[in-house]
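S.K.: Give me a model of this one.
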Amino acid sequence: MREFHATEHRFAPQARIAVLLVLLSGLWMLYAYDLWERFTDGHYWWMHLMVGVWLLFAVPLFVIEPLSVHRTLYKRATMASQTTLTRLLWMHRVILALSLLTIFAAIGGSHGLF
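M.R.: A predicted model of the protein is given here:
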């Protein structure tokens, strides 16, 4: 758990900055290219997926984590550290897979694949 905490402690500020940059660049592109109407068209489902994945990252990173994750995580880790680490690993794998799927969908959708 100590290693995980040390890694997470170094990575969290970088992740927060990256998530904010994704939000700002996405909003800028929506505004600059006037793409807001795409959210009303089901053909651009991949844009909804991008927003959903962003929310999946942003809400835990900026809201849930500072309020409760650390306390809950350390309580569980003291009781069953291996189980806690295994769950964290799987959670990160699922988020990575969903992110990669979203990237593929966004690139494919923006190039007419879908």
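S.K.: pLDDT on stretch 19-31, on average?
M.R.: Here stretch 19-31 scores 94 as its mean pLDDT.
S.K.: Just the element for Leu88, please.
M.R.: Using DSSP states H and E, Leu88 maps to helix 81-110.
S.K.: Give the buried residues for that helix.
M.R.: For helix 81-110, a neighbour-count test (16 or more other CB atoms under 10 Å) marks 84, 88, 102, 105-106, 109 as buried. In short, each C-beta sits where N, CA and C put it, glycine included.
S.K.: Can I get these in JSON lines including pLDDT and distance to His43?
M.R.: Shown next, in JSON lines, are those (pLDDT from 0 to 100; distance: CB to CB, whole Å):
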{"residue": "Thr84", "pLDDT": "79", "distance to His43": "42"}
{"residue": "Leu88", "pLDDT": "80", "distance to His43": "37"}
{"residue": "Thr102", "pLDDT": "94", "distance to His43": "17"}
{"residue": "Ala105", "pLDDT": "96", "distance to His43": "13"}
{"residue": "Ala106", "pLDDT": "94", "distance to His43": "14"}
{"residue": "Gly109", "pLDDT": "94", "distance to His43": "9"}
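S.K.: now, which of the residues you listed sits nearest Glu37?
M.R.: For these, the residue nearest Glu37 by CB to CB is Gly109; the value is 15.2 Å.
S.K.: So the closest one sits against His48, correct?
M.R.: No: Gly109 lies out of contact with His48 (CB atoms under 8 Å); the separation is 10.4 Å.
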